[in-house]
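1. predicted structure and sequence below. I'll ask about it afterward.
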Amino acid sequence: MVDSTHHDPAVNSCVTPVTGNRFVLYGDFDGDGQPDTLTEHFFSEIDNRETNKYYKDMDYDLQVRLNDQQEPCSFMTCSNDYIDTLNTGNGGVFGLSWLKNEGDLNGDGTDEVSYISDWADWSNLNTCHLVTWRRHRWEELYRFPINELSIPDTGDSSGAGTHFPGFIRKIKPGKMMVQFDNMGTPDSAIIRIR
Ligand SMILES: [Ca+2]
Ligand SMILES: [Ca+2]
């Protein structure tokens, strides 16, 4: 298999890969009372293996270009064999920029997960996804626009939300407050979920 990153004439052949962050999230995502662990992975579909997200001392435009050549695939696997892989982005992605256990928002006994993919683009507009493991699959309960500038730089793999309260707040089972981006202006709304 050809590693196309080494065949871009505009790129110095001695680029230094930087692995980058991998999120790890703890919770009970199937509600069986046993703890589960979600672990972020960043694969290149060229060789179907874990790969680097970035390159050392390289400007963003080139990072995006090399990212594209890797044919990246961003997903999370679970320590619980009964919980499927959660796909979070294919192609043009640097993995995740946000991942949080939101607790049991809909009151059915399982913890919900919010995540934001770190797209390899030039826009601050992005989407926060709220998902739950239900009926043997990951189901999206809600999604809303966010501005990437509001995401804290967590910088480690301990999971997001340690200082920043997050985008979602539970009001009561089945009812939540969402902080979203309303065409450039921070806004909030009360949302019902089931
Ligand atoms: Ca569990
Ligand atoms: Ca739940």
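-> Good, I have the coordinates. Since this is a predicted model, take the numbers as computed values, not measurements. Ligands and ions are numbered 1, 2, ... in the order given.
2. now the residue positioned nearest the centre of the chain, what's its secondary structure?
-> In the chain, the C-alpha nearest the mean C-alpha coordinate belongs to residue 96, at 3.1 Å (CA atoms, centre = their mean). The three-state assignment at residue 96 reads strand, by DSSP: H, G, I helix; E, B strand; the rest coil.
3. contacts only, for it.
-> Neighbour list for residue 96: 23, 40, 74, 88, 115, 116, 117, 118 [criterion: CB atoms under 8 Å, 6 or more residues apart in numbering]. C-beta here means a position set from N, CA and C on the backbone, and glycine is covered the same way.
4. including secondary structure and neighbour count, could those go into TSV?
-> Output for those, formatted as TSV (DSSP: H, G, I helix; E, B strand; the rest coil; neighbours: other CB atoms under 10 Å):
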residue	secondary structure	neighbour count
23	coil	23
40	strand	22
74	strand	23
88	strand	24
115	strand	24
116	strand	21
117	strand	21
118	strand	20
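5. which one of those sits closest to ligand 2?
-> Here the nearest of the contacts of residue 96 to ligand 2, counting by CB to the ion, is residue 115; it sits at 15.4 Å.
6. and the closest one, what is it in contact with?
-> 86, 88, 96, 98, 99, 100, 128, 129, 131.
7. ditto for residue 184
-> With the criterion set at CB under 8 Å, 6+ apart, residue 184 makes contact with residue 147.
8. model confidence for it, exactly?
-> Per-residue confidence (pLDDT) for residue 184: 93.
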